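**Q** Need a 3D model of the following:
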Amino acid sequence: MNRFHTLISVAQAAQCIGLDAASVLDVRFELGKGNQASRESGSQMYLAGHIPGARYVHLEHALSDMSRCATDGRHPLPQIEHFVSAMQQAGVSQGDQIIVYDQLNGMFAARLWWLLRATGWTDVAVLDGGFAAWERAQLPISIGPELSGGPELSGGPEPVVGPEPSGDGNFHAKCFDAMPVMPISLLAGALERDDILLFDARAAARFAGKEEPLDPVAGHIPGARNRPFAENLNPDGTFNSKLELRREWLALIGDRDPKRVVQMCGSGVTACHNILAMAHAGLGDSVLFAESWSGWITDPSRPVMRDAS
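**A** Numbering: from 1, shown residues only. Below you'll find the model as predicted:
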């Protein structure tokens, strides 16, 4: 069976699933201001219809450590032991081809892709176009699974929902050290020395400070450049071609080593979309600034920039 490492089409995914050769993880979610309805909307979407055999994994209960929001932003990276437990609960086992998807454009699926890559896992791919593309292809859909338990990092609904696998998976990992991360303590100095290029994946209006629907402070980090993650996409939510992504990103980074290219966003989630886009384009792994904007502004002494217009 072919192995997939960045993106996988619905046709390729259907073939893998038909061969029973993949673990499928649903990470649909809705960003909001922390209200319970937004936090549960992804699991409700899953219950209403999902790819057969998929397990639902909750962004805030399995893929983030919400106990650290006061200092590390809205979606801090999870503790490794909780992440491993969630993957085991989802039935993931060593050697699996993992397929991750969200509702449309990969903005949440890319987070799980990055976390798995960071543990050293290579056979993981984001479903190109997400569940919407699966529906458009008129492929089978399952409805109404049972609930199963799992590690709860901050209370609320279980992080893993779905049909019971035949026993927990044997996924294991010791740390998130296989993908590069920029420590918040080193970011300002690296920018001042021009050691890095910092790209912010938020929409242009948020980057400019003209609006801020999620965080208490509007604006961006001085020295950052805006590359909205949506620019990686076609109108239907699928990714641009490898050739187009490579052309666009090379125009942005020039001859910079990808290890000197740092990606951020509001909370470290959609930054992973830009990392995925560069990897899919064959440009290597860029660096995640995990705390991102929501972590940066937890210290009022850190500088903030807004566009004058």
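**Q** which stretches of the chain form strands?
**A** 7-8, 22-26, 55-57, 97-101, 124-127, 160-161, 197-200, 225-226, 261-264, 287-288 (DSSP state E).
**Q** other SSEs contacting the fourth one?
**A** Just to be clear, that refers to strand 97-101. Counting contacts by 3 or more C-beta pairs under 8 Å, 6 or more residues apart in numbering; DSSP states H and E, strand 97-101 is packed against helix 10-18, strand 22-26, helix 109-118, strand 124-127, helix 130-136. Every residue, glycine included, has its C-beta placed from N, CA and C.
**Q** how about Ser9, what does it touch?
**A** Counting by C-beta atoms under 8 Å, 6 or more residues apart in numbering, Ser9 touches Asp128.
**Q** Any stretches of the stretch 101-250 of the chain with poor pLDDT?
**A** 145-167 (pLDDT under 70).
**Q** ranges for the helices of it?
**A** Along the stretch 101-250 of the chain, the segments classed as helices by DSSP state H, counting those that start in this stretch run 109-118, 130-136, 184-192, 204-208, 242-253.
**Q** would you list those helices in TSV and tack on distance to Met1 and mean neighbour count?
**A** Formatted as TSV, the helices of the stretch 101-250 of the chain follow (distance: least, C-beta to C-beta, whole Å; neighbours: other C-beta atoms under 10 Å):
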stretch	distance to Met1	mean neighbour count
helix 109-118	18	26
helix 130-136	19	19
helix 184-192	40	14
helix 204-208	41	19
helix 242-253	21	15
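**Q** Let me have these in CSV, extended by distance to Tyr101.
**A** What follows is those, written out as CSV (distance: least, C-beta to C-beta, whole Å):
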stretch, distance to Tyr101
helix 109-118, 5
helix 130-136, 5
helix 184-192, 30
helix 204-208, 25
helix 242-253, 19
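**Q** Show me the one of those that comes nearest Arg28.
**A** helix 130-136 (6.8 Å; C-beta to C-beta).
**Q** So for Cys69, which of the helices of the stretch 101-250 of the chain sits nearest?
**A** Of all those, helix 184-192 sits nearest to Cys69, with 14.2 Å by C-beta to C-beta.
**Q** what are the C-alpha coordinates of that closest one, in CSV please?
**A** Provided in CSV are the C-alpha atoms of helix 184-192 (Å, rounded to 0.1, in the frame of the first residue of the first chain):
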residue,chain,number,x,y,z
ILE,A,184,8.8,32.3,23.1
SER,A,185,11.8,33.5,25.0
LEU,A,186,14.0,33.5,21.9
LEU,A,187,11.6,34.9,19.4
ALA,A,188,12.1,38.7,19.8
GLY,A,189,15.9,38.3,19.7
ALA,A,190,15.8,36.1,16.6
LEU,A,191,13.6,38.7,14.9
GLU,A,192,15.9,41.6,15.9
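**Q** now for it, which elements pack on it?
**A** Using 3+ C-beta pairs under 8 Å, 6+ apart, helix 184-192 sits against helix 292-296.
**Q** give the contact list for the nearest residue to Ala277 once chain neighbours are set aside.
**A** Counting by C-beta to C-beta, 6 or more residues apart in numbering, Asn232 is the residue found nearest to Ala277 once chain neighbours are left out, at 4.1 Å. By C-beta under 8 Å, 6+ apart, the residues touching Asn232 are Phe239, Asn240, Leu245, His273, Asn274, Ala277.
**Q** and the residue nearest to the fifth one when sequence neighbours are not counted, what does it touch?
**A** Using C-beta to C-beta, 6+ apart and skipping residues adjacent in sequence, the residue nearest Asn274 is Gln263, 4.5 Å away. Gln263 makes contacts with Phe199, Ala201, Ala271, Cys272, Asn274, Ile275, Ser286, Val287, Leu288, Phe289, as judged by C-beta under 8 Å, 6+ apart.
**Q** and what of Arg260?
**A** Listed by C-beta under 8 Å, 6+ apart, the contact partners of Arg260 are Asp195, Ile196, Leu197, Val287.
**Q** rewinding a little: as a markdown table, the contacts of Asn232 with distance to Arg227 would be great.
**A** Shown next, in a markdown table, are the contacts of Asn232 (distance: C-beta to C-beta, whole Å):
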| residue | distance to Arg227 |
| --- | --- |
| Phe239 | 14 |
| Asn240 | 13 |
| Leu245 | 11 |
| His273 | 10 |
| Asn274 | 6 |
| Ala277 | 9 |
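**Q** with the residues you listed in mind, which one is nearest to Lys259?
**A** Among these, and counting by C-beta to C-beta, the member closest to Lys259 is Asn274, at 14.6 Å.
**Q** wait, that closest one sits on Phe229?
**A** Yes: using C-beta atoms under 8 Å, Asn274 is in contact with Phe229, at 5.7 Å.
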